[in-house]
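>>> Fold the following.
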Amino acid sequence: MALPFDPIDEAARQWGNHWDRVPAMHAVTSLMRAHQLVIGRLDAILKPHGLTFARYEALVLLVFSSRGSLPLGKMGERLQVHPTSVTSIVRRLEAAGLVVRTPHPEDGRAVLAEITEEGRALVEVATKALVESDFALEALGDEQLRELSALLTPIRKAAGDF
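You can find the predicted model right below:
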């Protein structure tokens, strides 16, 4: 049920009575709430396909790789997640028959995740559902989407993403 006021605006008003940097507090709170909403929608869109957005991203990464496989360490780097998260994601994908884990042929310490044909087929179906939903960002037009990406780029760059 929608509130008759914006709770983030109210929180910012209250914040301003106690502390400084209201614009930063308002922006980060808005960003975090938008993140919750978008991830919730994306996961709901992917749930009928047996996926979460994190698992979908891992499958897409494997589709984009030249051989359809990557070392788990490289997956973690590219997905920008902790190694234990990659291991958990890959284990779940493997249990669903969407990837297989194999020893790295040149590095005995490394493990490869390789997408299966079932995984590739699921990526196609799931991607269609995400595209049809406009990745849960249908409230924004193309120009606003470009502006949003541009606004977030300096934050990501300052954090060392690239």
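
>>> what's Trp19 in contact with, if anything?
With contacts taken as C-beta atoms under 8 Å, 6 or more residues apart in numbering, Trp19 has the following neighbours: Met25. Just so you know, the C-beta spots here come from the backbone N, C-alpha and C atoms, and that holds for glycine as well.

>>> immediately after the biggest helix by length in the chain, which helix or strand?
Ranked by number of residues, the top helix in the chain under DSSP state H is helix 22-46. Downstream of helix 22-46, the first helix or strand assigned by DSSP states H and E is helix 53-64.

>>> Give me the buried positions along that next one.
Neighbour-count burial for helix 53-64, with 16 or more other C-beta atoms under 10 Å as criterion, is recorded at Phe53, Ala54, Arg55, Tyr56, Glu57, Ala58, Leu59, Val60, Leu61, Leu62.

>>> Neighbouring strands - and their directions - for the first helix or strand past it going along the chain?
From helix 53-64 onward toward the C-terminus, using DSSP H and E, the following helix or strand is strand 69-71. Based on DSSP bridges, the pairing partners of strand 69-71 within the sheet are strand 111-115 (antiparallel).

>>> Mind exporting the C-alpha coordinates of the helix or strand just after the partner strand to PDB?
As assigned by DSSP H and E, the chain's next helix or strand after strand 111-115 is helix 117-132. Provided in PDB are the C-alpha atoms of helix 117-132 (Å, rounded to 0.1, in the frame of the first residue of the first chain):
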ATOM      1  CA  GLU A 117      23.300 -26.700 -23.700                       C
ATOM      2  CA  GLU A 118      20.400 -26.500 -21.200                       C
ATOM      3  CA  GLY A 119      22.000 -23.400 -19.700                       C
ATOM      4  CA  ARG A 120      22.400 -21.800 -23.100                       C
ATOM      5  CA  ALA A 121      18.700 -22.400 -23.900                       C
ATOM      6  CA  LEU A 122      17.600 -21.100 -20.500                       C
ATOM      7  CA  VAL A 123      19.600 -17.900 -21.100                       C
ATOM      8  CA  GLU A 124      17.700 -17.300 -24.300                       C
ATOM      9  CA  VAL A 125      14.300 -17.700 -22.600                       C
ATOM     10  CA  ALA A 126      15.200 -15.700 -19.500                       C
ATOM     11  CA  THR A 127      16.700 -12.900 -21.600                       C
ATOM     12  CA  LYS A 128      13.500 -12.600 -23.600                       C
ATOM     13  CA  ALA A 129      11.600 -12.200 -20.300                       C
ATOM     14  CA  LEU A 130      14.000  -9.600 -19.000                       C
ATOM     15  CA  VAL A 131      14.000  -7.600 -22.300                       C
ATOM     16  CA  GLU A 132      10.200  -7.700 -22.400                       C
END
